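Chemist: Fold the stuff below for me.
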Amino acid sequence: MERYRAGKLTTPQKRLREALVEATESEWQPQVRAQAREQAGTSGGMMVHVVAYFGFTASGSSDDGRERHITTPISPTYAARILHLQEAGATEEELHPVVAEAITESYFTDWGSRADGLRAEFTHVQSIEFEF
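Modeler: Below you'll find the predicted structure:
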């Protein structure tokens with residue numbers, strides 16, 4: 001380290017570079033992830049990317065179920081529920097009902113401004129990804 005501070009070496013050797021990356025990630029990444037998770041659950045919400053077959057229940061619904069690729073923001077309330085379930089060790093299948101509710105609220109009912117009473121459920125889930 002002294003050689004780097006003195007300017008005699010500018011590029012760390014492979015072993016030192018790997019050790020520095022490992023040490024930095026072990027300390028920094030968990031804190032950054034924890035802060036991002038906290039913000040998602042309290043004020044920021046998060047994005048969800050889902051590929052699944054969506055079916056609907058509502059009076060007067062004319063939209064038949066089909067496979068959809070949906071990317072939509074979800075509210076901090078749902079983000080907090082999802083993150084809490086993940087921390088408790090919930091499986092992806094156990095997250096499906098909460099994710100379906102969150103997507104219904106944000107994507108299909110546009111935060112409650114349309115399609116009153118619509119309920120979306122999904123099956124044949126190919127992927128779910130969360131981004132915060």
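Chemist: Can you tell me, leaving aside adjacent residues, what's nearest to residue 70?
Modeler: Leaving aside its sequence neighbours, residue 70 sits nearest to residue 50 (Cβ to Cβ, 6 or more residues apart in numbering; 5.0 Å). To be clear about C-beta, it is placed using only N, CA and C from the backbone, and glycine gets the same treatment.
Chemist: what's the distance between the one you found and residue 111?
Modeler: To residue 111, residue 50 is 18 Å away according to Cβ to Cβ, to the nearest Å.
Chemist: So between those two, which is more surrounded?
Modeler: Counted by other Cβ atoms under 10 Å, residue 50 and residue 111 do not tie: residue 50 has more neighbours, with 23 against 10.
Chemist: surely the more buried one meets residue 130?
Modeler: No: at 9.9 Å, residue 50 does not count as touching residue 130 under the criterion of Cβ atoms under 8 Å.
Chemist: low pLDDT regions in the chain?
Modeler: The chain contains residues with pLDDT under 70 at 1-5, 9, 12, 26-29, 56-64, 112, 115.
Chemist: So which residues of this structure form strands?
Modeler: Secondary structure of the chain (DSSP state E): strands at 46-57, 66-74, 119-131.
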